[in-house]
Structures are given as structure tokens and as C-alpha cells.
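S.K.: I'd like to go over a predicted model; first the sequence, then the structure.
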Amino acid sequence: MGGGPGTPMLAAAVSDAGGLGFLAAGYKTADAVRADIRELRELTDRPFGVNVFVPSEPADPAAVERYAETLRPEAARYGTALGEPRHDDDGWEEKLAVVAEERVPVVSFTFGCPPAAILERLEQAWVTVTSPAEAAVAEQAGAHVLVVQGIEAGAHRGSFKDEEAGGLGLIALLQLVRMTAEVPLVASGGLMTAPAVAAVLAAGAGAAQLGTAFLLAPEAGTSQTHRAALAGDAETALTRAFTGRTARGIVNRFMREHGADAPRAYPEVHHLTAPLRAAARERGDPGAVNLWAGQGYALARELPAAELVRELSSW
Ligand SMILES: Cc1cc2nc3c(=O)[nH]c(=O)nc-3n(C[C@H](O)[C@H](O)[C@H](O)COP(=O)(O)O)c2cc1C
């Protein structure tokens, strides 16, 4: 879980309890990812994964500029400047080098499918898919495992192209992908309880991946503003307002006021809104913070990660 919630402590606690903890490489420098991997290895000698963002094409700068214009009053409101809406590849080559050098047991990718030449260099390369078509591409490219992400999932959809993200719920998607895929599947999206984990295992997944269920764990780096919102009862919805890429979060003022204007421009819009979000978070104002959460967030509990893992596997 990028953006703060995922920490070496959380991943280590999950792995130690018999799950497979993941570190988020997204938004961090390659050096910071290396430091996280080493910290994790101090905490546990169990296997773990690192999740890497696949870079996307630059967006139309004019569309980003138009959106920036609509956000100027937000910047004034929070007493900050807008960020520079730059395109970058999130340190792609450098992070691939780090996970290879550090011999990371599992590397998972989201936002696209790396070329076969990259996948085959890795011992365990997992690719997130949100449609049967993406699953076919990823399997063909040599993914060892497909992470099948339903529309219920918290935060960004892992679609290869944002505009091609379908609308399939996890159970429908899992059944469709299971019909054709030969590699193991990891089911993801809206899973919060042991019976739900058992349900996806019955429907053909080899494992379940959960994000939102761990957001309130003491080991998670989830901000206080985000934790407070998770205790509320607002609905979740999909939005591009914060980052220029479709993601699910708890509906708040910023989503309502800017969702309709936001272009497809990731990571340009992520950088553009970052100072706003940081300022709002610091003030404890949930109105302009990206409150990522899956559809089942009302079931999130403030439990140590190890206890959660044990409960989730107890069906
Ligand atoms: C706060 C948060 C951050 C996330 N960050 C990432 C990420 O960096 N990379 C990724 O592949 N998935 C990320 N996800 C998505 C999860 O991998 C997973 O698909 C999702 O959490 C499953 O749905 P659930 O949240 O309902 O459990 C994130 C999810 C949340 C809630």
C-alpha cells in the first residue's frame, strides 16, 4: 500500500504471521525502497513481496493545465502552491535494479504488464489485472501469478490503461479469468473477513490479497485523518480527482467538487495535488485528502496485523 500505509513493520508482521507482506515501491525513491527492504529483513526472515508501478505515457499538458486552473482556489484555501504536474516513470529502471540486486522473493506490478524480458528475469513476477483481456496479456508475457483485482478494491485500479478499466466485480472477474488462465490467481477487492477469503479460494483463487482490512492496524502508516474517515460511514466511489488515475476512496468534498473535471493524467495530477493533500492532511481536514478505501471498509478493525492474518485464515 503506497502513499504511507504500507510500512516494513506492517509487511513483516503479516509475513511473520504466515501471510505474504508487501512493501510499496510506488512514490518512493529507489534508495528508500532498498532501505525498506533491508529494514524488513531485520524484522523477519520470512518471504515478502515488493510492489512496483509500471510507467505510463505522458498526458496532454493542456488538459492538465486546464485542471490546474480549476484547482487554484484550493491552493489558496490551504495556503499552499499547486505541485509541478510533471510526468515521471517513478524510478522504473532503478527500482527494477533494486529488486534484482536485493533478490526480492516476489515482485508484483500494477498499472501495466512489463515486457516478457523483465518478467523472466524475476523468480516470482506477479501482475495485477482488472479484466480477462489484461489477464490474457499478462499470462502470455510470462507472469507467474495474476493478481485479479475487482472493482471493489481500495485505491488505484491496477488497469493497464486507465481508460480500459472495466467494471467487473471480483467474483465475476475471478470466474472469467479462472476459465482460461493456467497460472495461480490472487483475488483482491473488498475482502475483509475469513468467510470472504474462503469464498474466493472456493471460486478458484490460490490466495487472497487485502489492503483496506489492514489500514487501521497499529503497524500501518495510515494518517490520523485517514483513520478517522475510516471510522465514519460515507460511501466510497471511484475518482480521478486526486491523481489523474481511477482510484476508490471515501467520498469527500474534493472528490465531489473536482471529480468531473479531472483528466486522465497520471502521475501529472498526482504531483499537482500532492501539496494540497499534504496541507489538508496536516490540518486534520479530510475534505481534500485522498481517503483510499475499498467497498468493505466499514469492517476494518484496529487489530495488530498478526491477529488479523490469523483471523482471516481461520475459516
Ligand atoms: C491505501 C491503499 C494503498 C494501496 N496502494 C497500492 C499500491 O501501491 N500498489 C498496488 O498494487 N496496490 C495498491 N493498493 C491496492 C491493493 O493492492 C489491493 O488491490 C486492494 O487493497 C484490495 O482491495 P481492498 O482494499 O478492498 O482490500 C492499495 C490499496 C489501499 C487501500
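M.R.: Thanks, I have it. Residues are numbered from 1 along each chain as shown.

S.K.: For the stretch 151-300 of the chain, which residues are neighbours of the ligand?
M.R.: Within the stretch 151-300 of the chain, the positions near the ligand by C-beta under 6 Å from any ligand atom are 152-155, 158, 188-191, 209-213, 292, 294, 296. C-betas here are computed from N, CA, C, even on glycine.

S.K.: From those residues, which land in strands?
M.R.: If you go by DSSP state E, those have 155, 188, 209 in strands.

S.K.: Count the residues that sit near the last one.
M.R.: Other residues lying near Gln209 total 23 when counted by other C-beta atoms under 10 Å.

S.K.: so who does the residue nearest to it when sequence neighbours are not counted touch?
M.R.: Closest residue in space to Gln209, ignoring its immediate chain neighbours: Ser188 at 3.9 Å, by C-beta to C-beta, 6 or more residues apart in numbering. Applying C-beta atoms under 8 Å, 6 or more residues apart in numbering to Ser188 gives the contacts 128, 147-150, 153, 170, 208-211.

S.K.: beta partners of Ser188?
M.R.: On the basis of DSSP bridges, Ser188 takes part in beta bridges with Gln149, Gln209.

S.K.: Look up how far Pro5 lies from the closest residue to the ligand within the stretch 101-250 of the chain.
M.R.: Nearest to the ligand in the stretch 101-250 of the chain, going by C-beta to the nearest ligand atom, is Gly211, at a distance of 2.0 Å. As judged by C-beta to C-beta, to the nearest Å, Gly211 and Pro5 stand 8 Å apart.

S.K.: before we move on, what about Arg277?
M.R.: 14 Å.

S.K.: ok, now Pro263?
M.R.: 26 Å.

S.K.: Neighbour count for the two, which is higher?
M.R.: Legend: neighbour count by other C-beta under 10 Å for Pro263 and Pro5, higher for Pro5 (24 against 17).

S.K.: Surely that one and Gly221 touch.
M.R.: Yes: counting by C-beta atoms under 8 Å, Pro5 does reach Gly221; the two are 5.4 Å apart.

S.K.: Now for Gly150, how many residues are close by?
M.R.: For Gly150, using other C-beta under 10 Å, the count is 23.

S.K.: Excluding residues flanking it in the chain, which one is nearest it?
M.R.: Leaving aside its sequence neighbours, Gly150 sits nearest to Leu170 (C-beta to C-beta, 6+ apart; 2.7 Å).

S.K.: do Ala203 as well
M.R.: In space, and not counting its chain neighbours, Ala203 is closest to Leu174: 5.1 Å by C-beta to C-beta, 6+ apart.

S.K.: got the contact list for the helix or strand encompassing the one you found?
M.R.: In this structure, Leu174 sits in helix 170-180 according to DSSP states H and E. With contacts defined as C-beta under 8 Å, 6+ apart, helix 170-180 is touched by 129-132, 135-136, 146, 148-153, 168, 185, 187-191, 199-200, 203-205.

S.K.: List buried members of the residues you listed by neighbour count.
M.R.: Among these, those classed as buried by 16 or more other C-beta atoms under 10 Å are 129-132, 135, 146, 148-153, 168, 185, 187-191, 199-200, 203-205.

S.K.: Do a quick rundown of the strands in the stretch 101-250 of the chain.
M.R.: In the stretch 101-250 of the chain, the strands defined using DSSP state E, counting those that start in this stretch lie at 106-110, 125-129, 145-149, 155-156, 185-188, 207-209, 236-239, 247-250.
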